[in-house]
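J.: just need the structure, nothing else, for what follows:
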Amino acid sequence: MKTNNKRWLGTMLLTGLVALTAACGNAGSMENNTAANAANNQGTASASPETQATEPATAADKGTLTVYLNDFDAIIAPLFEEATGYKMEVVVGNGAEIMSRVEAEKGNPHWDVLWIDAMPSVYGLGVKGQLLDNWTPNNVANLTDFAKGFLPEKPWYVPTGAHAAGVIVYNKDKVKDEDAPKTWEDFSNAKYKDMIGMADPAIAAPAYPFVSWFFKEKTMDGAQAFFGSLMNNGMRVYPKNPNVVKALAAGEISIAALQESNAYSMKNANEPIEIVWPAEGAPASVRVAAIQKDTGNPTAAKAFIEFLLDPKTQQALIDNGDESYFQPSVDGVNAKEDRAADAKLVAADASWASENEAAIKQWFADQSVK
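T.: Predicted structure coming up:
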């Protein structure tokens, strides 16, 4: 798939090392990556037998598997190609770009698989009849009890992991530990006026799952009142999580609701920040993978889903991937050692979050105009 639209597609050469600090939403335009550009020296394990391609591509398969995904995991194409022998082309963008492209192509999709931190949006594609819904992967049996709770009523997609779309992060040079917020409700305290920042749910893929949990728990009116109070208290909304990181590092803000991979990257870079996992839970962004209903590469697409649900694949993503801080969706995988052992994730029901997505995002857009 090729396009000259610079808004959606650019060319990126991937180097041999995967940067741990890469974060969801760090690319401003779509990027087209092939296996030839991808990293080869990642120290990854070979795939287990269940992920090997046990059957050749059928006549229905038209060639290279095209996967649309968020800005993460440069290692996925070489891992998959080595494990199965299928060729993969990766198209990368932030959440808004990916979903805009999917919408624009709905009459003639150019993608085979969608792999993205936007479960409510992908659920909506299933409701609209755009996803394969008559096949269940064998490796779905590997799912943890937590991950099984995210399976939709039809087999539209599978969860491949979940991470905190927002944890509480504060700058220790600006805020004393005893004065730092410990719960989400603390964010409304007047003493934090003009100190807090977060990512825009209309742009950053993880930011909508973050706010949708509050809207489901507090009701629409209650969540509008909550976030309205934060904005009246000077909370700043940035386009994406990397922008929040920059604002924290520069001292523009002192406290943030920040995606966990960005938070741990800051901590690992010796930035003077501390991470708080609220007792009530951190709203989760669930990464899901779905197959386009009319894919030209059904055999390869199904092999990719099986591959993503293999414990060895998820362990490789945690050990060497761009977005390595997440809770795996399958048994037999160890999360990062420095990730909080008592990390609690919560999430709004996908059908509810999908049904209310447009209204919630529009509300935030209206607030930014004000």
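J.: how about residue 231, phi and psi?
T.: With angles defined as degrees, to the nearest 10, residue 231 sits at phi -70, psi -40.
J.: tell me how many other residues crowd it.
T.: If you count neighbours by other Cβ atoms under 10 Å, residue 231 ends up with 16. Backbone N, C-alpha and C define where each C-beta goes, glycine included.
J.: and if you look at residue 128?
T.: Count around residue 128 with other Cβ under 10 Å applied: 10.
J.: can you check the pLDDT for it?
T.: With respect to pLDDT, residue 128 has a value of 97.
J.: can you give me the distance of it to residue 354?
T.: Plainly put, residue 128 is 10 Å away from residue 354 if you go by Cβ to Cβ, to the nearest Å.
J.: now do residue 233
T.: Here residue 233 is placed at a distance of 30 Å from residue 354 (Cβ to Cβ).
J.: those two: which is more packed in?
T.: For residue 233 versus residue 354, the count of surrounding residues by other Cβ under 10 Å is larger for residue 354: 22 against 17.
J.: I'd say the more buried one and residue 120 touch.
T.: Yes: the pair residue 354 / residue 120 is scored as a contact, 4.2 Å apart, by Cβ atoms under 8 Å.
J.: list the buried residues for stretch 163-182?
T.: The neighbour-count check on stretch 163-182 (16 or more other Cβ atoms under 10 Å) flags 163-171, 174-175, 180-181 as buried.
J.: you'd agree residue 169 is in a strand?
T.: Yes: Residue 169: assigned to a strand according to DSSP: H, G, I helix; E, B strand; the rest coil.
J.: show me what contacts it?
T.: Counting by Cβ atoms under 8 Å, 6 or more residues apart in numbering, residue 169 makes contact with 248, 255, 256, 257, 258, 263, 266, 273, 274, 275, 276.
J.: hey, where'd the strands end up in the chain?
T.: Ranges of strands within the chain are 10-11, 31-34, 65-69, 88-92, 113-116, 157-164, 167-171, 196-199, 236-238, 255-258, 273-276, 282-291, 327-328, 345-346, based on DSSP state E.
J.: just the buried subset of the contacts of residue 169, please.
T.: Neighbour counting by 16+ other Cβ under 10 Å classes 248, 255, 256, 257, 258, 263, 266, 273, 275, 276 among these as buried.
J.: same list (the strands of the chain) but as a markdown table, adding mean pLDDT and distance to residue 302.
T.: Output for those, formatted as a markdown table (pLDDT from 0 to 100; distance: least, Cβ to Cβ, whole Å):
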| stretch | mean pLDDT | distance to residue 302 |
| --- | --- | --- |
| strand 10-11 | 34 | 29 |
| strand 31-34 | 41 | 21 |
| strand 65-69 | 96 | 10 |
| strand 88-92 | 95 | 14 |
| strand 113-116 | 97 | 9 |
| strand 157-164 | 97 | 11 |
| strand 167-171 | 98 | 35 |
| strand 196-199 | 97 | 33 |
| strand 236-238 | 95 | 38 |
| strand 255-258 | 98 | 36 |
| strand 273-276 | 97 | 38 |
| strand 282-291 | 97 | 7 |
| strand 327-328 | 96 | 21 |
| strand 345-346 | 97 | 28 |
